[in-house]
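*Asks:* Return a 3D structure for these sequence lines:
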Amino acid sequence: MLFSWYKRFFSQPHQPFFTSGILFFTLFMILFILVYSNILVLDTSILTYHAYSMVFVVFLQFFLGFLFVVFPKFLMQAEISEKIYKRHFFAYFFNSLCIFLSLIFYSKITFVFQIFLLITQIFSFKLLLDIHKKSLVQIKNDTKWVLIAFFAGLISHFLFIISNLDFKYSFFISKIAINIGFYLFLFMIFLTISQRMIPFFTRAKVPNHVAYKSLKFLKIVFILLILKIVILSFDDVRFNLISDIPLFFIITKELIKWKLPIFKVEAIIWILYLGLYWIVLGFFISIIESFFAIYNSSIYFEKIVIHSFALGYFLTLLIGFGTRVILGHSGNQIVANKFTVIIFIALQFIVLLRLFSSICSNFGLDYIFFLNLTAILLVLVLLVWSSKYITILLKGK
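*Replies:* Residues are numbered from 1 along each chain as shown. Purely as a prediction, here's the structure:
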């Protein structure tokens, strides 16, 4: 019976990777809550167990669960064999678990497992690159940008490990590493997949719909994101206007060109639209923050922009795409029922609460209270969502 379940669980790559992603998302968020509640004391920086874990443990595994399914389809290649993706999965799971446990019990060896995780990530990149090279498909622009973003993730991961060494510029390097990982890796992969899959899903429901996508859209955004990372290194949010204003207008213009039929699609589709609009809102918030820095620098916006993207855009799309993939690849009807819609509405409330917590200290409110409240509610929403969808993953097909 156990062997039969094992075979079903590993029969599709998204099943173990999505399950692991949700598990470590929950574990690292609980760790975050315990630290900020002074229940647990760690002898390491918040960057190590929060920013690093979200980028290279949680979101990376979700990406691979999705990419290992769709990459061969995009390029009309044979599916990745179970033997290969299981090897990748166990390497990610083992090193992720060791990173989590070492942070709690002995953080001096955390970097060892970070190195192993980077090596595993390199092998994953090579696997996707080989599929891309073998493909005879003429138009491979989307997979090319996924690989470019993935390579940026390797650079980011390497720089972050280097920043663990105690030297004069270690903090500066870690900051650059996180910004590259967030914008050139996470943001670019999400954007590349979004502009490929969301119009495709829309056309499946509205056959006459055409999204007029700009050919150089991804290239322009990538260049502007590089500019943004350079600007962020100066630690002066006023300069963010240089990159954020063009990013805001270019992405807004692109989404308008797509003419997404919001009122003609089912909830499972407009949930994805909702995630897209958080991109525009995120850059708009960043512009507002920059203007306030110019005219009233006493107002504090603690990481409000990062969480606009991380929770509003990344997590909304992650759960949206995850729900579609889980339902579609398990033989269930791809429909967002009332349960799913309520989950997504609750998630948007949590995003807004996190943004409020970023500015609540300006009103004399308790920042730590709202931060912990947001984290606790997020964990609860993930657990409620998992009670239905991770159960499907665990059953396997």
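
*Asks:* Assign a three-state SS to the closest residue to His329 other than its chain neighbours, would you?
*Replies:* Sequence neighbours aside, Gln12 is the residue nearest to His329 in space, at 5.7 Å (criterion: Cβ to Cβ, 6 or more residues apart in numbering). (Glycine included, C-beta is placed from N, CA and C.) Reducing the assignment at Gln12 to three states with DSSP: H, G, I helix; E, B strand; the rest coil gives coil.

*Asks:* I'd say Gln12 and Gly328 touch.
*Replies:* No - using Cβ atoms under 8 Å, Gln12 is not in contact with Gly328; the gap is 10.7 Å.

*Asks:* So those two - more neighbours on which side?
*Replies:* Neighbours per residue (other Cβ atoms under 10 Å) separate Gln12 from Gly328, with Gln12 holding more: 23 against 14.

*Asks:* And that one, how close does it get to Lys83?
*Replies:* Computed with Cβ to Cβ, to the nearest Å, the distance linking Gln12 and Lys83 is 14 Å.

*Asks:* do Gly153 as well
*Replies:* When distances are taken as Cβ to Cβ, Gly153 and Lys83 turn out to be 25 Å apart.

*Asks:* okay, these two: which has more neighbours?
*Replies:* A direct count of neighbours by other Cβ under 10 Å for Gly153 and Lys83 places Gly153 higher, at 26 against 8.

*Asks:* Could you write out the alpha-carbon coordinates of stretch 186-195 in PDB?
*Replies:* Listed next in PDB are the C-alpha coordinates belonging to stretch 186-195 (Å, rounded to 0.1, in the frame of the first residue of the first chain):
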ATOM      1  CA  LEU A 186      11.800  35.600  -9.100                       C
ATOM      2  CA  PHE A 187      10.100  38.600 -10.700                       C
ATOM      3  CA  MET A 188      11.400  37.800 -14.200                       C
ATOM      4  CA  ILE A 189      10.400  34.100 -14.100                       C
ATOM      5  CA  PHE A 190       6.900  35.100 -12.800                       C
ATOM      6  CA  LEU A 191       6.500  37.700 -15.500                       C
ATOM      7  CA  THR A 192       7.800  35.400 -18.300                       C
ATOM      8  CA  ILE A 193       5.400  32.600 -17.200                       C
ATOM      9  CA  SER A 194       2.500  35.100 -16.700                       C
ATOM     10  CA  GLN A 195       2.800  36.600 -20.200                       C
END
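
*Asks:* Quick check: mean pLDDT of it?
*Replies:* Per-residue pLDDT values over stretch 186-195 give a mean of 95.

*Asks:* in it, what counts as buried?
*Replies:* Leu186, Phe187, Met188, Ile189, Phe190, Leu191, Thr192, Ile193, Ser194, Gln195 (16 or more other Cβ atoms under 10 Å).

*Asks:* ok, and what's touching that stretch?
*Replies:* 55, 59, 63, 66, 142, 145-146, 148-150, 152-153, 213, 217-218, 221-222, 225, 254, 272, 275-276, 279, 309, 313-314, 317, 321 (Cβ atoms under 8 Å, 6 or more residues apart in numbering).

*Asks:* Need the residues that contact stretch 196-205.
*Replies:* 70, 74, 142, 209-211, 213, 258, 260-261, 264-266, 269, 272-273, 276, 321, 324.

*Asks:* Dump it to PDB, restricted to CA.
*Replies:* The C-alpha coordinates for stretch 196-205 follow below in PDB (Å, rounded to 0.1, in the frame of the first residue of the first chain):
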ATOM      1  CA  ARG A 196       2.900  33.100 -21.700                       C
ATOM      2  CA  MET A 197       0.300  31.300 -19.700                       C
ATOM      3  CA  ILE A 198      -2.400  33.800 -18.700                       C
ATOM      4  CA  PRO A 199      -3.300  34.800 -22.300                       C
ATOM      5  CA  PHE A 200      -3.200  31.100 -23.200                       C
ATOM      6  CA  PHE A 201      -5.600  30.300 -20.300                       C
ATOM      7  CA  THR A 202      -7.800  33.200 -21.400                       C
ATOM      8  CA  ARG A 203      -8.000  32.100 -25.000                       C
ATOM      9  CA  ALA A 204      -9.100  28.600 -23.800                       C
ATOM     10  CA  LYS A 205     -12.200  30.200 -22.200                       C
END
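
*Asks:* Measure how far it is from the centre of its chain, please.
*Replies:* 20 Å (Cα atoms, centre = their mean, to the nearest Å).

*Asks:* Now do the buried residues in it.
*Replies:* Judged by neighbour count (16+ other Cβ under 10 Å), stretch 196-205 contains these buried residues: Arg196, Met197, Ile198, Pro199, Phe201, Thr202.

*Asks:* what about the second one, distance to Tyr169?
*Replies:* Taken as Cβ to Cβ, the spacing of Met197 relative to Tyr169 amounts to 39 Å.

*Asks:* again with the fourth one
*Replies:* The span separating Pro199 from Tyr169 equals 43 Å under the rule Cβ to Cβ.

*Asks:* If anything else comes up later, I'll come back, but that's it for now.
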